[in-house]
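Engineer: Build me a model:
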Amino acid sequence: MVRVVGVHGIGHQYAGERQLHATWYPALADGLTRAAAPGLDEGDLHCAFYGDLFRTPGRTLAVQDPPLDASDVAEGLESDLLLALWAEAARTDDAVLAPDARTLARTPRTVQRALNALSRSRFFAGIALRALVADLKQVRAYLTDPGVHAAVQQRLADRISSDTRTVVAHSLGTVVAYEALCAHPEWPVRTLVTLGSPLGIHGLVFERLRVPGGKPGDWPGSVERWTNIADEGDVVALQKDLRPLFGDRVEGHLVRNGARAHDATRYLNTPQAGRAVAGGRQSD
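Structural biologist: Alright, predicted model coming up:
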């Protein structure tokens, strides 16, 4: 019986579904406690895992990211997304020097300036440059490579059962979940919870959403209740309020996750997440 399915974001290429469950379950259980809601059995949460699809071929025993640098950031979606993250980080963090008009050229030098600026932000503290570049490539691959997109979507579809009522998704996983729910209105999912979502990033993510027979912004399939939770300092959730794009039925909340604004577990253990998941279980 799988009542809740979790969908992770980028940067999990060296993890697995059991590792993800080991961190997500206690955090969500704490969120339910904070919400004074009934607990969740461990077996009621399964995690749709796709991170291994981005693991570098030929390095199956490696534990480090490939040695990427600024020169590996491709023009187009990767560099544009990097600059959008830079601008948002500068807006929310005084330690980050804001981009200026010269960034419009999107030159290799600009890419290096963006990476240097982000390395000084609270949000990206402790994240190696090569890891950030690898994350950009994962986003591009999912959004633009049909084979990767299909493989990731299948991983989520394999986890949905006749008992699944709630999908909880984080970061890029919110894009995966939204597209899957739009493509499968026959699924029994009634509640969608999105955490730190980039769904509202205009020009880079929103317009690229795949909605069979529809358009970006359509309501996701069988969902009756959609709760979106964002931290003000989460630069990935660049558009904190999704209602202007997806409609007033989206229930939005702002939370405070501290220095690790985008951390999935810090979202999951909030009372807002607990209430959203508890509400989905009540509708079962």
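Engineer: which stretches of the stretch 151-284 of the chain aren't confidently modelled?
Structural biologist: 281-284 (pLDDT under 70).
Engineer: mind listing the helices for it?
Structural biologist: Using DSSP state H, counting those that start in this stretch, the helices found in the stretch 151-284 of the chain span residues 172-183, 243-246, 264-268, 271-282.
Engineer: So what touches the third one?
Structural biologist: Read that as helix 264-268. For helix 264-268, the surrounding residues in contact (C-beta atoms under 8 Å, 6 or more residues apart in numbering) are 8-9, 23-24, 27-28, 30-31, 168, 170-171, 195-196, 229, 231, 255, 257-258, 260, 273. All C-beta atoms are positioned from the backbone trio N, CA, C, and that covers glycine.
Engineer: Please list only the buried members of those residues.
Structural biologist: Among those, those buried by neighbour count (16 or more other C-beta atoms under 10 Å) are 8-9, 23-24, 27-28, 30-31, 168, 170-171, 195-196, 229, 231, 255, 257, 260, 273.
Engineer: Pull the number of nearby residues for the closest residue to V152 other than its chain neighbours.
Structural biologist: In space, V152 comes closest to Y50 once its chain neighbours are excluded; the distance is 4.5 Å by C-beta to C-beta, 6 or more residues apart in numbering. Residues within reach of Y50, counting by other C-beta atoms under 10 Å, total 24.
Engineer: right, and L156 touches A177 too?
Structural biologist: Yes - counting by C-beta atoms under 8 Å, A177 is a contact partner of L156 at 6.8 Å.
Engineer: hang on, the earlier thing: okay if I get the helices of the stretch 151-284 of the chain as TSV plus distance to G217?
Structural biologist: Listed next are those as TSV, based on distance: least, C-beta to C-beta, whole Å:
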stretch	distance to G217
helix 172-183	10
helix 243-246	5
helix 264-268	23
helix 271-282	21
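Engineer: I'd like to know which of those is closest to L40.
Structural biologist: Closest approach to L40 among these is made by helix 271-282 (7.4 Å; C-beta to C-beta).
Engineer: Summarise which helices and strands the closest one is packed against.
Structural biologist: Contact analysis of helix 271-282 by 3 or more C-beta pairs under 8 Å, 6 or more residues apart in numbering; DSSP states H and E lists strand 4-7, helix 17-34, strand 166-170, strand 191-195, strand 225-231, strand 250-255 as its packing neighbours.
Engineer: With distance to L118 added, can I get the ones you listed in CSV?
Structural biologist: Output for these, formatted as CSV (distance: least, C-beta to C-beta, whole Å):
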stretch, distance to L118
strand 4-7, 25
helix 17-34, 25
strand 166-170, 20
strand 191-195, 21
strand 225-231, 17
strand 250-255, 22
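Engineer: among the ones you listed, which is nearest V73?
Structural biologist: Of all the helices and strands packed on helix 271-282, strand 166-170 sits nearest to V73, with 23.6 Å by C-beta to C-beta.
Engineer: Name the residues that touch the closest one?
Structural biologist: Under the criterion C-beta under 8 Å, 6+ apart, residues 3-9, 28, 176-178, 181, 189-197, 264, 267-268, 273, 277, 280-281 lie in contact with strand 166-170.
Engineer: residues contacting the most centrally placed residue in the chain?
Structural biologist: The residue lying closest to the centre of the chain (C-alpha atoms, centre = their mean) is S171, at 0.9 Å. Going by C-beta under 8 Å, 6+ apart, S171 touches 8-10, 195-198, 236, 262, 264.
Engineer: ok, now how distant is it from K137?
Structural biologist: 15 Å (C-beta to C-beta, to the nearest Å).
Engineer: just G16 next, same as before
Structural biologist: For G16 relative to K137 (C-beta to C-beta), the value is 21 Å.
Engineer: which of those two has more neighbours?
Structural biologist: More crowded of G16 and K137, by other C-beta under 10 Å: K137, with 19 against 13.
Engineer: for the helix or strand where that one lies, what is the average pLDDT?
Structural biologist: If you go by DSSP states H and E, K137 is part of helix 129-144. For helix 129-144, mean pLDDT rounds to 88.
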